[in-house]
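# One predicted model, sequence on top.
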Amino acid sequence: MQLTHGARRAIGGGHMMFGHVQPIRGSLADYLLNILAGMDGEDHNLYSIWRLPPGVSDFTAMGDTFIQAAGSAQAMAVEARIRTNDGATHLFALGRKEPVGAEPTTIRLDDEHSFDIPSNEVFTAEEAAVIFLTFYTTDTVSQPYQLREIHLGGE
């Protein structure tokens, strides 16, 4: 199997583990679901994948695009840096096309860190696994999701 994607996930104590997206057995869909379902909003609170640049096998070499989830299996935020029609890459928060609830949802990263997001941007591990699988195969996010651009300082 040719290794085409790198990955990073939180493993506790503020540490990150890098590697390839490489199912040992079972399908890629099951592999992604298993990782996302293991997110607990504490030690295991982040997972991201990216396509490796052409000809590169170093799994820490991040390409131009990525997708990441933060939180727990029951409530996670999903963000993706994707290439848009203008040829540039932009970072987006993903959400369902539905009315936003009155109260934001708090996504916990650990005992000290959390952030609030609109209710339509909260996903379960099962929902996120489908989004991750689509990104893995296409380097983009499919419909029916809406994208809210995120502007970081310095961009």
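In hand now; what should we look at? Numbers count the residues shown, from 1 in each chain.

# got a list of contacts for the helix ranked longest in the chain?
What stands out as the longest helix in the chain, according to DSSP state H, is helix 125-138. Identification of contacts with helix 125-138 by CB atoms under 8 Å, 6 or more residues apart in numbering yields 5, 21, 28-29, 32-33, 36-37, 39, 49, 67, 69, 73-74, 76, 78, 80, 94, 123, 140-142, 145. C-beta: built from backbone N, CA, C; applies to glycine.

# Emit the ChimeraX select command for whichever of those are buried.
Filtering the contacts of helix 125-138 down to the buried ones (16 or more other CB atoms under 10 Å) takes a single ChimeraX command:
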select :5,21,28,32,33,36,37,39,49,67,69,73,76,78,80,94,123,141,145
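
# What residue in the protein is the furthest from its centre?
Distance from the C-alpha centroid of the chain peaks at Ala102, with 25.0 Å (CA atoms, centre = their mean).

# List of residues touching the helix or strand containing Gly19?
Element membership of Gly19, judged by DSSP states H and E, is strand 15-20. Residues from elsewhere that reach strand 15-20, judged by CB under 8 Å, 6+ apart: 3, 5-11, 46, 59-60.

# what lines up beside that strand in the sheet?
strand 5-12 (antiparallel) (DSSP bridges).

# Now do the partner strand against helix 125-138, angle only.
Strand 5-12 runs at 150 degrees relative to helix 125-138, counting by axes from the mean of the first three to the mean of the last three CA atoms, to 10 degrees.

# picking that back up, which one of the contacts of strand 15-20 is nearest Gly87?
His5 (22.0 Å; CB to CB).
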